[in-house]
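*Asks:* sequence unavailable; structure follows:
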């Protein structure tokens, strides 16, 4: 009793349906695993940031100034200079990628210190203090861009601006 090809085809139909359903379930399962992984990955940085913020600010304004602002601003100011002495003229500027990277790091620290100065109870007021900190951050951003572009003229220009933001703040708020 030889089955006809139509009979054989009819016998295979349940197999094809089971195969198609199995493939669909497998692909759907993979999709759910990928979606769950992406959701878990997206949630992790937020949880980490929340746990990092749990530590209260420790440094006071003077410590931030002495430990971050002054060394960073001083490094930027000293990185590009013309020094005239009895021995002649010395042109000081970063000459390697590493030296420019150090100037960029100092500029980034200047920006970050401005953020620290307005955080928590450090802000002396919510008016001029915040504006002056923002001005320092903007000057630091300009210094960062100049350092990344390895522009000695840019560093010279922004050096005066950084100095002006410091002087303006120190005129208003004493240096205790």
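*Replies:* Alright, I've got the coordinates. It should be emphasised that the depicted structure is a prediction, and the values quoted were computed from it without experimental measurement.

*Asks:* from here on, just use CA atoms for contacts and neighbour counts.
*Replies:* Noted.

*Asks:* tell me the domain ranges of the protein?
*Replies:* 1-55, 61-172 (automatic domain parsing).

*Asks:* residue 69 and residue 110 touch, don't they?
*Replies:* Yes - assessed by Cα atoms under 8 Å, residue 69 is found in contact with residue 110 at 5.7 Å.

*Asks:* for this structure, which spans come out with low pLDDT?
*Replies:* Scanning the chain with the threshold set as pLDDT under 70 gives 1-20, 23, 32, 40-54, 175-176.

*Asks:* in it, which spans are helices?
*Replies:* Taking DSSP state H, the helices of the chain run over residues 5-52, 61-64, 70-79, 97-117, 128-148, 152-172.

*Asks:* buried residues in the fifth one?
*Replies:* When you say that, I think you mean helix 128-148. 129-130, 132-147 (16 or more other Cα atoms under 10 Å).

*Asks:* if I look at residue 117, how far off is residue 136?
*Replies:* 10 Å (Cα to Cα, to the nearest Å).

*Asks:* do the same with residue 21
*Replies:* Residue 21 is 63 Å from residue 136, by Cα to Cα.

*Asks:* one more: residue 110?
*Replies:* Residue 110 is 7 Å from residue 136, by Cα to Cα.

*Asks:* do the same with residue 173
*Replies:* 15 Å.

*Asks:* and what of residue 80?
*Replies:* From residue 80 to residue 136 the distance is 19 Å (Cα to Cα).

*Asks:* ditto for residue 161
*Replies:* 9 Å.

*Asks:* now do the closest residue to residue 114 other than its chain neighbours against residue 107, distance only.
*Replies:* Spatial nearest neighbour of residue 114, chain neighbours left out: residue 133 (5.0 Å); criterion: Cα to Cα, 6 or more residues apart in numbering. Distance, residue 133 to residue 107, using Cα to Cα: 14 Å.

*Asks:* ok, now residue 160?
*Replies:* Taken as Cα to Cα, the span from residue 160 to residue 107 is 14 Å.

*Asks:* which of those two has more neighbours?
*Replies:* residue 107 (27 against 13; other Cα atoms under 10 Å).

*Asks:* turn the helices of the chain into a markdown table, columns for distance to residue 86.
*Replies:* Compiled in a markdown table, the helices of the chain are given as follows (distance: least, Cα to Cα, whole Å):
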| stretch | distance to residue 86 |
| --- | --- |
| helix 5-52 | 54 |
| helix 61-64 | 38 |
| helix 70-79 | 20 |
| helix 97-117 | 27 |
| helix 128-148 | 30 |
| helix 152-172 | 23 |
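
*Asks:* of all these, which lies closest to residue 87?
*Replies:* helix 70-79 (19.1 Å; Cα to Cα).

*Asks:* check which residues of the closest one are buried.
*Replies:* 72-73, 75-79.
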